[in-house]
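Chemist: I would like the atomic coordinates for the input below:
(one chain, ligands or ions: 1)
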Amino acid sequence: MNGLLVADGERQREGGADRPVVDVAVGVLMQADGQFLLTSRPEGKVYAGYWEFPGGKLEAGETVEEALRRELQEELGIVIGQAQIWKTQMVDYPHALVRLHFCKVWDWQGDLQMREAQTHAWQQLPVDVVPVLPGTIPVLTWLAAERQFSGATHR
Ligand SMILES: Nc1nc2c([nH]c(=O)n2[C@H]2C[C@H](O)[C@@H](COP(=O)(O)OP(=O)(O)OP(=O)(O)O)O2)c(=O)[nH]1
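Modeler: Below is the predicted model of the structure:
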């Protein structure tokens with residue numbers, strides 16, 4: 001399974017041409033006790049069955065926060081409060097070069113509904129669901145640093 005993390009500022013070229021960058025808004029839903037929500041990618045999408053944080057691609061003209069609000073309503077049936085970009089990470093997949101904008105989300109309204117027939121799991125470190133999407137792993141590392149958690153973040 002490929003998915004190469006791209007360092008900040010690094011230009012990505014393939015065959016001499018720039019690859020278009022796909023911007024993605026991603027929500028790290030947090031509970032007061034530190035649990036965070038992972039969802040599994042539904043059948044029919046690339047990397048079906050891999051675990052990730054919920055979110056999706058920006059549509060034309062959308063900000064990251066607008067896209068996140070729309071995606072979490074579509075996928076989970078919740079209305080989120082304020083969300084700001086926490087970290088940004090580029091990942092070079094065979095199918096696309098993506099720029100992931102991760103936002104921590106502490107407040108939302110509504111009960112979680114899995115509207116795309118995905119599975120969900122509230123997790124702590126180390127994450128015990130498998131497999132985790134490569135572009136999701138950096139978030140686990142950042143959370144581990146914040147929590148002074150050492151050891152493997154996932155299986
Ligand atoms: N949602 C999400 N996507 C991630 C994460 N990590 C990661 O590499 N990705 C990648 C996988 C995909 O290439 C891309 C998200 O695209 P997607 O296909 O899920 O977006 P979407 O829901 O808008 O999809 P669609 O409407 O086009 O089917 O970002 C993550 O933690 N969460």
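Chemist: From here on, just use CA atoms for contacts and neighbour counts.
Modeler: Fine.
Chemist: The residue lying closest to V64 once chain neighbours are set aside and the ligand: what is the separation?
Modeler: Of all residues not flanking V64 in the chain, A25 sits nearest, at 5.4 Å (C-alpha to C-alpha, 6 or more residues apart in numbering). According to C-alpha to the nearest ligand atom, to the nearest Å, A25 and the ligand sit 7 Å apart.
Chemist: Surely A25 touches G55?
Modeler: Yes: using C-alpha atoms under 8 Å, A25 is in contact with G55, at 5.5 Å.
Chemist: Find the residues that touch each one of those two.
Modeler: The contact sets of A25 and G55 overlap at L68 (C-alpha atoms under 8 Å, 6 or more residues apart in numbering).
Chemist: before we move on, back to that, give me the number of residues near the residue nearest to V64?
Modeler: Using other C-alpha atoms under 10 Å, the number of residues around A25 comes to 27.
Chemist: centre of the chain versus the helix or strand hosting it, how much separation?
Modeler: Using DSSP states H and E, A25 sits within strand 21-29. Strand 21-29 has its C-alpha centroid displaced from the chain centroid by 6 Å (C-alpha atoms, centre = their mean, to the nearest Å).
Chemist: Repeat that for stretch 18-30.
Modeler: With C-alpha atoms, centre = their mean, you get 7 Å for stretch 18-30.
Chemist: Return that stretch as CSV; C-alpha atoms alone will do.
Modeler: Taking C-alpha atoms only, stretch 18-30 is exported to CSV below (Å, rounded to 0.1, in the frame of the first residue of the first chain):
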residue,chain,number,x,y,z
ASP,A,18,3.2,19.2,-11.8
ARG,A,19,0.5,17.0,-10.4
PRO,A,20,-2.7,18.8,-9.4
VAL,A,21,-3.1,19.0,-5.7
VAL,A,22,-6.4,17.8,-4.2
ASP,A,23,-7.3,19.7,-1.0
VAL,A,24,-9.1,17.6,1.6
ALA,A,25,-10.8,18.8,4.8
VAL,A,26,-10.5,16.3,7.7
GLY,A,27,-12.1,16.4,11.1
VAL,A,28,-10.5,15.0,14.3
LEU,A,29,-13.5,14.7,16.5
MET,A,30,-12.4,14.8,20.1
